[in-house]
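Asks: missing the sequence, but the structure's below:
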């Protein structure tokens, strides 16, 4: 266990940051899951609205330092391709 005042403070900060990061990561995973389910069901309207929400959540996760910007860019690109394929298949 930490003995110095500064190391005790860092331990407290680590606990707080871990909770925040876990919540942010969970939020991203939930929106990704919801989008993938909408795509699997084939519902175009829901998939498009869920895509916008997911992209917003992913962009916020980059700002908060949860994910790297290139990782999020890759996610968005692949998800957009799946949504676009769904839209063109229904048209």
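Replies: Right, received. Where do you want to start? All values derive from a computational prediction rather than experimental measurement. Numbers count the residues shown, from 1 in each chain.

Asks: now for the longest helix seen in the chain, which elements pack on it?
Replies: Ranked by residue count and defined by DSSP state H, the top helix of the chain is helix 5-41. In terms of contacts (3 or more CB pairs under 8 Å, 6 or more residues apart in numbering; DSSP states H and E), helix 5-41 is packed against helix 44-63, helix 69-90. Where you see a C-beta, it was placed from the backbone N, CA and C, and this is true even at glycine.

Asks: measure residue 22 to residue 82 for me?
Replies: Residue 22 is 27 Å from residue 82, where distance means CB to CB, to the nearest Å.

Asks: ugh, wrong one, I meant residue 91
Replies: Counting by CB to CB - residue 91 and residue 82 are separated by 15 Å.

Asks: dump the residue contacts of the residue nearest in space to the middle of the chain.
Replies: For the chain, the residue nearest the mean C-alpha position is residue 28 (2.5 Å; CA atoms, centre = their mean). By CB atoms under 8 Å, 6 or more residues apart in numbering, the residues touching residue 28 are 57, 58, 61, 66, 67.

Asks: what about the last one, which helix or strand?
Replies: Right, residue 67. Assigned by DSSP states H and E, residue 67 falls within no helix or strand.

Asks: so is residue 2 in a helix, a strand, or just coil?
Replies: When classified by DSSP: H, G, I helix; E, B strand; the rest coil, residue 2 comes out as coil.
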